[in-house]
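1. My questions are about this predicted structure, shown below with the sequence.
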Amino acid sequence: MMTKNSEHDGIYLAYFSGEIGTSLGIFMLKDGILTGGDLGGGLYDGSVAVDTAEMIATGKIKFRMQTGGTSITGAHSDFPIEYDTDVALTLPLESAAYHSINTLAGPVNVRFEKVRSL
């Protein structure tokens, strides 16, 4: 069953690892909308559909980085960067040791910790 509003809605810390480093981020998932940012200045906005029967959240997340930033994948921006990434995350988000996400800038691993429910 696909749903927007679910017990998975909440505020999450995200621990990222990539080719050249690690970072932290904070995200909010509410009614199928995901938004957040990371310590490197990356911004994330998108939507996910939560399938409670399959225990998976799938969707598309837009990543933005300003000029002069360097991501944990090693990508450096001489101009603003913006791209979409498809995600398929097992639920609950905090149950997986790490979620692997393939981005245009390279692979990223992320672990979530739920700070609070909404």
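-> On my side now, so go ahead.
2. Ignoring the adjacent residues along the chain, who's closest to residue 21?
-> residue 72 (4.5 Å; CB to CB, 6 or more residues apart in numbering). For every residue, glycine as well, the C-beta is placed using N, CA and C.
3. Go ahead and confirm residue 93 touches residue 112.
-> Yes. Under the criterion of CB atoms under 8 Å, residue 93 makes contact with residue 112 at 4.1 Å.
4. what do the two both touch?
-> Listed contacts common to residue 93 and residue 112 are 12, 99; contacts here mean CB atoms under 8 Å, 6 or more residues apart in numbering.
5. What pLDDT is listed against residue 4?
-> On pLDDT, residue 4 comes in at 56.
6. quick one: contacts of the lengthiest strand in the chain?
-> What stands out as the longest strand in the chain, according to DSSP state E, is strand 106-117. By CB under 8 Å, 6+ apart, the residues outside strand 106-117 that reach it are 7, 9-19, 26-27, 72-75, 92-94, 96-102.
7. tell me, how many neighbours does residue 34 end up with?
-> Residue 34 has 21 neighbouring residues, counting by other CB atoms under 10 Å.
8. Could you verify that it is part of a strand?
-> Yes. Assigned with DSSP: H, G, I helix; E, B strand; the rest coil, residue 34 falls within a strand.
9. I'd say it and residue 46 touch.
-> Yes. Residue 34 is within contact range of residue 46, at 5.1 Å (criterion: CB under 8 Å).
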